[in-house]
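# Here is a sequence together with a model predicted from it:
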Amino acid sequence: MPPEIAAKLRNSMSAGVNSIDFERRKADALNKEPGTLTGYDCPLCLNRGFMWRVRDSGERYTEECTCMPTRRNIRYLRESGLESLIKRYTFDAWQSRETWQARLLRMAREYAENPTGWFYLAGRPGTGKTHLCTAICGELMNRGFQARYLLWRDFSVKAKSLVNDEEQYQALMKPLKSVRVLYVDDLFKTGKGQEPTAGDVNLAFELLNARYNDERKLTLISSELNANRLLEIDEGIGSRIVQRAGENYADLSGRQNFRLTG
């Protein structure tokens, strides 16, 4: 607190101002001090993230500023790995050229409005899997959900390289297991014609089983592999995904690649 303000408060106290009024004046003075938070400029808390308040008893306390959900959303977006995609892949940017696309959009919107269980889109590239899963993440983050994104092929290479370094491995895995919303993009995507390795299967099971065991966790999955193919690769993984996704599953294997048709 600036010395001149502190002096005024002491003078007010010595002049007979009661303790509750003194605390309120002190809170008002503290609320004029700028904070150090960045990323969003708040005129209310002056970037402190909180406001000083005084109870009727005269007790001074802090109350979270209304800017904090916005600040958290900004941080979640940066941490999620989706920052470069989320502005382009929105529900409004989705083009429903055919009836099945309109149904798919409706399914994704309904999940975003009432997110329970998992969401699973399977099928060939260019059918909009990444677009809709990203749009769902964007809607959920706007409502304060923390989300993370992983591209399976990059993630699996990194995770498998850390299996002999327990500390680094857990540092990578723990946030993905615990985050409220996880988007796994291109599950089991490998080199052309290659099958997922035993390491891939073990990694996927560890991650997805941890999330399966907590029904509050929301998991979005896109994959070129449909439910039957996942069950062939590993019944434990496939059955967990199918059960948690329920009606929030669509197989787009027979749809065209719109990247190739413009």
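Ah, there it is.
# Tell me who's in contact with the nearest residue to residue 82 once chain neighbours are set aside.
Among residues not flanking residue 82 along the chain, residue 149 sits closest, at 4.7 Å (C-beta to C-beta, 6 or more residues apart in numbering). Quick note: C-beta positions are derived from backbone N, CA and C, even for glycine. By C-beta atoms under 8 Å, 6 or more residues apart in numbering, the contact set of residue 149 is 80, 81, 82, 134, 137, 182, 183, 185.
# where does the closest residue to residue 120 other than its chain neighbours land on pLDDT?
Once flanking residues are discounted, residue 120 sits nearest to residue 245: 4.0 Å by C-beta to C-beta, 6+ apart. pLDDT recorded at residue 245 is 96.
# From residue 45, how far off is residue 245?
Using C-beta to C-beta, to the nearest Å, one obtains 41 Å as the distance from residue 245 to residue 45.
# Sheet-wise, list the partners of the host helix or strand of the residue nearest to residue 82 with their directions.
Taking DSSP states H and E as the definition, residue 149 sits inside strand 147-151. Using DSSP bridges, the strands paired with strand 147-151 are strand 181-185 (parallel).
# one step back: if the residue nearest to residue 82 is in a bridge, with which residues?
If you apply DSSP bridges, the partners that residue 149 bridges to are residue 183.
# Need the per-residue pLDDT for it.
We have a pLDDT of 91 for residue 149.
# what's the spacing between whichever helix or strand residue 119 is part of and its chain's center?
Counting by DSSP H and E, the element that carries residue 119 is strand 118-123. Mean-position distance between strand 118-123 and its chain equals 17 Å (C-alpha atoms, centre = their mean, to the nearest Å).
# so what secondary structure elements neighbour it?
helix 99-113, helix 129-142, strand 218-223, helix 235-245, strand 249-252 (3 or more C-beta pairs under 8 Å, 6 or more residues apart in numbering; DSSP states H and E).
# nearest to residue 90, of the ones you listed?
Nearest of those to residue 90, taken as C-beta to C-beta: helix 129-142 at 5.3 Å.
# pLDDT (mean, whole number) over that closest one?
92.
# now stretch 252-262
Mean predicted lDDT for stretch 252-262 stands at 63.
# And for stretch 225-237?
95.
# Can you give the contact residues for that stretch?
With C-beta under 8 Å, 6+ apart, stretch 225-237 has contacts from 120, 122-123, 187-188, 195-196, 201, 204-205, 208-209, 223, 238-239, 241-242, 249, 251, 253.
# Could you tell me the end-to-end distance of that stretch?
Terminal residues of stretch 225-237 lie 12 Å apart, using C-alpha to C-alpha, to the nearest Å.
# Kindly report the same for stretch 210-222.
18 Å.
# Give me the contacts around it.
115-122, 129-130, 133, 136-137, 140, 145, 177, 179-187, 208, 240-241, 244-245.
# picking that back up, elements contacting the very next helix or strand once past the strand holding residue 149?
The helix or strand immediately downstream of strand 147-151 is helix 152-161, counting by DSSP H and E. The contact analysis (3+ C-beta pairs under 8 Å, 6+ apart) places helix 152-161 against helix 166-178, helix 198-212.
# Go through these and pick out the most buried.
The highest mean neighbour count among these, using mean count of other C-beta atoms under 10 Å, belongs to helix 198-212: a mean of 17.
# any idea how far that one is from the chain center?
That offset, for helix 198-212, works out to 20 Å (C-alpha atoms, centre = their mean).
# how big is the angle separating that helix from strand 218-223?
Helix 198-212 and strand 218-223 meet at an angle of 150 degrees, taking axes from the mean of the first three to the mean of the last three C-alpha atoms, to 10 degrees as the criterion.
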